[in-house]
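Visitor: I would like to see how this sequence folds:
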Amino acid sequence: MGTRGTNDPAVAEREPPAGAAVVITVLAGIWGGVLLLAVLYGLGWTVPGLGWLIAKGAVKLGVAGVVGLTAAVAWLRARRAGRGPGAS
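Guide: Numbers count the residues shown, from 1 in each chain. All right, here's what the predicted structure looks like:
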């Protein structure tokens with residue numbers, strides 16, 4: 001059984017604030033991109049230059065995908081909870 005939507009203070013204490021969740025997600029995306037770039041660099045994809053561009057594009061898409069997916073999940077959770085965007 002889930003405990004979402006309850007007013008139990010113990011449940012509320014376990015959830016990080018929304019700002020902290022956003023910061024954690026962005027940092028995870030950045031570190032994931034750095035790890036991907038390090039692996040591609042280690043494989044020698046920085047020479048002659050085309051691989052470097054592909055790696056940069058992959059990192060940008062990876063970070064944008066994580067941030068976009070997180071925003072979409074947050075939007076859906078807010079919508080399912082009956083709160084519209086910007087409601088307090």
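Visitor: mind listing the helices for this protein?
Guide: Taking DSSP state H as the test, the helices found in the chain are 9-14, 18-42, 50-80.
Visitor: could these go into a markdown table alongside mean pLDDT?
Guide: What follows is the helices of the chain, written out as a markdown table (pLDDT from 0 to 100):
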| stretch | mean pLDDT |
| --- | --- |
| helix 9-14 | 62 |
| helix 18-42 | 81 |
| helix 50-80 | 83 |
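Visitor: May I see those arranged in a markdown table, with mean neighbour count as well?
Guide: For every residue, glycine as well, the C-beta is placed using N, CA and C. What follows is the helices of the chain, written out as a markdown table (neighbours: other C-beta atoms under 10 Å):
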| stretch | mean neighbour count |
| --- | --- |
| helix 9-14 | 9 |
| helix 18-42 | 13 |
| helix 50-80 | 13 |
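Visitor: ok, so what distance separates residue 27 from residue 39?
Guide: 19 Å (C-beta to C-beta, to the nearest Å).
Visitor: Please read the previous query as pertaining to residue 55.
Guide: 9 Å.
Visitor: Assess the claim that residue 58 and residue 40 are in contact.
Guide: Yes. Contact criterion C-beta atoms under 8 Å: residue 58 and residue 40 qualify, at 7.5 Å.
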